[in-house]
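Engineer: Just need the structure, nothing else, for what follows:
(2 chains)
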Amino acid sequence: MKKRRTWLIGVGAVLAVIVIARSVFVVDESELALVVSFGRVVDTVTKPGLNAKWPWHSVRRFDGRMHLLDPEPRETLTGDPKNIVVDPFAVWRIEPDRLADFVRTVRDTENADRRLAEVIWHALTVELSGLALTELVNEDASKLRLEPMLDATRSTCMTVVADFGIRLIDVRLKRITRPEGTKDAVYREMIAERAKEANFLRKEGERRAIEIRAKAREEADKIVAQAEGEAQVVRGRGEAEATRTYGEAHAQDPEFFLLQQLLETYREIIDTETTLVLSGDSDLLRLLTAGRTDALPKIDTVDNNGAFATSQPAESNKALAGTTEAQPDGEQ
Amino acid sequence: MTVQSKSNRTTIVTVLGIAVAVWQGTGLYKVRSEQRAVVQRFGRVVDLREGGLHWTMPWPMGRVTVVASDEVRSVQLGLSQVELVTGRRASDPRTQYLSADQGLVQMLVRAQYTVRDERDFLFAVTPDEAERMVTAAVESALTALAGQHRWDALLKDPVLKSRIFVQAREQAQHHLNIYDCGIRLKAVSLVALQPPGAVAGAFNDVLSAQSEANESVRQAESEAEQAVQTARARATEVRLEARAYANRQIELAGAERDDFPRRAAAYRAAPATAARLMFLESMRAVLPKARKVIVPTAAGNQKLDLSIVEP
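Structural biologist: Residues are numbered from 1 along each chain as shown, chains lettered A, B, ... in the order given. Prediction:
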């Protein structure tokens, strides 16, 4: 009797534990869950924590977190048309309130990735074919259409995948490049461009060097010319002062000065090219031609014409005589 | 019998008591100061704890995940570390970005990040996807930015380079915030930025052309400097010479001023003799050089045919 009671209590306890265990379930912070009754969805649980259900219900759990969809890059055409390779990525998650739709249409996350990739590629190909490559990359930001293109792609995709219970957060391009086959042409163009620039730089360097040298020459010439100008003024002043001094000095005895100058002039104008025809009667040569000492000129009675009679500078003699007459001195 | 059953019961209670105590004890956990602990109860996040010793409900009700929030994590973009070391960087398309003038540059970039929101970091994204999101966000930002600049500017302009990486960090952070991944981008930093291998020669030639041009300009400048200096020296010389000449002229004139009166006085003492002496002295100096024809008389002089001796 007592034994049977103990047995009944034992069985009851086990059954109670099983029932309780089947009636509660835990939904993790990262999860979404469906409560299913023999295959039929009866509830969607979007809040994490401890939940209750009937023991005969079962639970299907789904990842409620953000997913990164990163398909392989693909070659496509721009509107130019130019071949480009684009590498898109998308971030999405299951729309919590539409978990049932998600399960109905795409079943699971991997399948959702595939559907989403198809939708994105379609939209992206369409959008890209409406743009020139210069609208994807351009120095002038006002000509860029990359962001509007991505926005358009995103909103197109969003509407499509909303029916799949997918919330599309973002679609962007990780990379825009040229296909491997066109890269040689790209490189060639880059090289040509650089060669042009290198050439320009060298030419420009030469041009500037020439300009600098020319300017320096001009400046140097100016400096020297200026100095020479000043030098001329200085020399001129010196000469003027000297001339004035000479004038003042020589004015004291113009006759002596003239005599001196005259003799000086003879020394300068008579050289090896000069032929002098000398009169034997001249004071200088009278002794030579006559051979008599009485032929010597008398110092006291000598007159200026006789004293300086030579054949060539007769005019100078007259000029000297003229000056002498004009300014009489103690000799006469 | 009763004594034995009583002691049995005591043993059972003691064992159960210890078991419960040990079980509750597993709820104790330690958090270091650089860490944060995310506390879950029945799967739901209920608490966020900082450094120290804490207790929460033990398994299976509670769960604690410790995150090293302040630890700087680093991710290499495009290539893995292994590929980097094995030297595939030269032409790998995953390091190439299209520039505004449709050229290509190769950028090796690292991104450093820390955890900004532990709850999002743990439960809004899977941890390995958080890193891939960082990569994707930074790469898309760099793609957009590289497309706004000429490739030679990207390679040469240091200001532009640093600006681009600051902008890339800002833009990528903006997108990561939208993705709820609880990540704070610390920095986007450049490991290497170079032209594609095939273009490197031409690119370097531009650099050497630039330095050649600079060199020839510098050369010209130094020559110019020298020319001007020489001219200045010459100018000084000319000025000094002129001054010396002027001084010399003035000196000579001064000497003459002092000397002339003396000579004039000497001459005036006996003008005829002095004049004659001076004349003879001059003749001695002058006549030896010249050819001389001596005509005996003044009369003979009239009939002389000079045509044979005149040059």
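Engineer: Count the neighbours of residue 15 for me.
Structural biologist: All of this is about chain A. For A:Leu15, the tally of surrounding residues (other C-beta atoms under 10 Å in any protein chain shown) stands at 10. In short, each C-beta sits where N, CA and C put it, glycine included.
Engineer: Hmm, no, I was thinking of chain B.
Structural biologist: Neighbours of B:Val15 using other C-beta under 10 Å come to 10.
Engineer: And it, how far from chain A?
Structural biologist: Separation of B:Val15 from chain A (C-beta to the nearest C-beta, to the nearest Å) stands at 20 Å.
Engineer: can you tell me the helix or strand for that residue?
Structural biologist: Using DSSP states H and E, B:Val15 falls within helix B:2-25.
Engineer: next one: B:Arg218
Structural biologist: Element membership for B:Arg218 (DSSP H and E) is helix B:197-269.
Engineer: contacts for the helix holding B:Val15?
Structural biologist: Helix B:2-25 is contacted from outside by B:Pro58, using C-beta atoms under 8 Å, 6 or more residues apart in numbering or on different chains.
Engineer: Give the partner strands of the helix or strand just after that helix in its sheet and their orientations.
Structural biologist: Going down the chain from helix B:2-25, the next helix or strand is strand B:28-31, by DSSP H and E. For strand B:28-31, the paired strands and their directions (DSSP bridges) are strand B:52-55 (antiparallel).
Engineer: Give me the buried stretch members for the strand it pairs with, please.
Structural biologist: Neighbour-count burial for strand B:52-55 flags B:His54 (criterion: 16 or more other C-beta atoms under 10 Å in any protein chain shown).
Engineer: Report the mean confidence score over the helix holding B:Val15.
Structural biologist: On average, the pLDDT along helix B:2-25 is 86.
Engineer: May I have it as CSV, with CA atoms only?
Structural biologist: Once non-C-alpha atoms are left out, helix B:2-25 reads as follows in CSV (Å, rounded to 0.1, in the frame of the first residue of the first chain):
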residue,chain,number,x,y,z
THR,B,2,15.8,5.0,13.4
VAL,B,3,19.2,6.3,14.4
GLN,B,4,20.6,5.0,11.1
SER,B,5,17.8,6.5,9.0
LYS,B,6,18.2,9.8,10.8
SER,B,7,22.0,9.9,10.1
ASN,B,8,21.2,8.9,6.5
ARG,B,9,18.9,11.8,6.2
THR,B,10,21.5,14.1,7.7
THR,B,11,24.1,12.9,5.1
ILE,B,12,21.7,13.5,2.3
VAL,B,13,20.8,17.0,3.4
THR,B,14,24.5,17.8,3.9
VAL,B,15,25.4,16.5,0.4
LEU,B,16,22.5,18.4,-1.1
GLY,B,17,23.4,21.5,0.8
ILE,B,18,27.0,21.3,-0.5
ALA,B,19,25.8,20.7,-4.0
VAL,B,20,23.5,23.7,-3.9
ALA,B,21,26.3,25.8,-2.5
VAL,B,22,28.8,24.7,-5.2
TRP,B,23,26.1,25.3,-7.8
GLN,B,24,25.4,28.8,-6.5
GLY,B,25,29.1,29.4,-6.3
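Engineer: chain center to that helix, what's the gap?
Structural biologist: Its chain's C-alpha centre lies 77 Å from the corresponding centre of helix B:2-25 when counted by C-alpha atoms, centre = their mean, to the nearest Å.
Engineer: how does chain A divide into domains?
Structural biologist: When chain A is parsed with automatic domain parsing, its domains come out as A:2-63, A:67-178, A:181-252, A:253-326.
Engineer: Among those domains, which comes closest to chain B?
Structural biologist: domain A:181-252 (2.3 Å; C-beta to the nearest C-beta).
Engineer: where does chain B have low pLDDT?
Structural biologist: Scanning chain B for pLDDT under 70 picks out B:1-4, B:80-91, B:296-311.
Engineer: Break it into its domains for me.
Structural biologist: Listed domain ranges for chain B are B:17-67, B:73-195 (source: automatic domain parsing).
Engineer: is the longest one anywhere near chain A?
Structural biologist: Yes: using C-beta under 8 Å from any C-beta of the partner chain, domain B:73-195 reaches chain A at B:93-94, B:96-104, B:119, B:122-126, B:129, B:132-133, B:135-137, B:139-140, B:143-144, B:146-152, B:175, B:178-181, B:195.
Engineer: most tightly surrounded among the domains of chain A?
Structural biologist: Ranked by average neighbour count under the criterion mean count of other C-beta atoms under 10 Å in any protein chain shown, the domains of chain A are headed by domain A:67-178 at a mean of 18.
Engineer: Quick check, B:Leu104 in contact with B:Pro196.
Structural biologist: Yes: contact criterion C-beta atoms under 8 Å: B:Leu104 and B:Pro196 qualify, at 5.3 Å.
Engineer: Now the common contact residues for the two.
Structural biologist: Joint contacts of B:Leu104 and B:Pro196 (C-beta under 8 Å, 6+ apart) are A:183, A:187, A:190, B:96.
Engineer: still on that earlier bit, save the domains of chain A as CSV, and put in mean pLDDT and distance to B:Arg163 too.
Structural biologist: Putting these into CSV (pLDDT from 0 to 100; distance: least, C-beta to C-beta, whole Å) gives the following:
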stretch, mean pLDDT, distance to B:Arg163
domain A:2-63, 90, 38
domain A:67-178, 93, 14
domain A:181-252, 92, 23
domain A:253-326, 64, 84
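Engineer: Export the ones you listed as JSON lines, with columns for distance to B:Tyr113.
Structural biologist: Shown next, in JSON lines, are the domains of chain A (distance: least, C-beta to C-beta, whole Å):
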{"stretch": "domain A:2-63", "distance to B:Tyr113": "20"}
{"stretch": "domain A:67-178", "distance to B:Tyr113": "15"}
{"stretch": "domain A:181-252", "distance to B:Tyr113": "32"}
{"stretch": "domain A:253-326", "distance to B:Tyr113": "102"}
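Engineer: Can you say which of the ones you listed is nearest to B:Glu170?
Structural biologist: When the domains of chain A are compared by C-beta to C-beta, domain A:67-178 sits nearest B:Glu170, at 15.0 Å.
Engineer: Quick one: residues contacting residue 183.
Structural biologist: Defaulting to chain A. Taking C-beta under 8 Å, 6+ apart, we find A:Lys183 in contact with B:104, B:196.
Engineer: try chain B instead
Structural biologist: B:Ile183 makes contacts with B:113-116, B:121, B:130, B:133-134, B:176, as judged by C-beta under 8 Å, 6+ apart.
Engineer: Check which helix or strand the residue most central in space within chain A maps to.
Structural biologist: For chain A, the residue nearest the mean C-alpha position is A:Leu201 (10.4 Å; C-alpha atoms, centre = their mean). Element membership of A:Leu201 [criterion: DSSP H and E] is helix A:180-250.
Engineer: tell me how far the helix or strand that that helix is followed by is from the chain's mean position?
Structural biologist: Following helix A:180-250 in sequence order, the next helix or strand is helix A:254-269 (DSSP H and E). Offset of helix A:254-269 from its chain centre (C-alpha atoms, centre = their mean): 76 Å.
Engineer: just stretch A:46-53 next, same as before
Structural biologist: Relative to its chain's centre, stretch A:46-53 lies at 64 Å (C-alpha atoms, centre = their mean).
Engineer: so who does the closest residue to A:Asp63 other than its chain neighbours touch?
Structural biologist: Spatial nearest neighbour of A:Asp63, excluding adjacent residues (C-beta to C-beta, 6 or more residues apart in numbering or on different chains): A:Thr109 at 6.0 Å. Counting by C-beta under 8 Å, 6+ apart, A:Thr109 makes contact with A:62-63, A:67.
Engineer: and B:His46, that's in a helix?
Structural biologist: For the record, residue B:46 is Val, not His. No: secondary structure of B:Val46 (DSSP: H, G, I helix; E, B strand; the rest coil): strand, not part of a helix.
Engineer: my guess is it contacts B:Gln40, does it?
Structural biologist: Yes: using C-beta under 8 Å, B:Val46 is in contact with B:Gln40, at 6.7 Å.
Engineer: okay, those two: which has more neighbours?
Structural biologist: Ranked by neighbour count (other C-beta under 10 Å), B:Val46 and B:Gln40 place B:Gln40 first, with 24 against 16.
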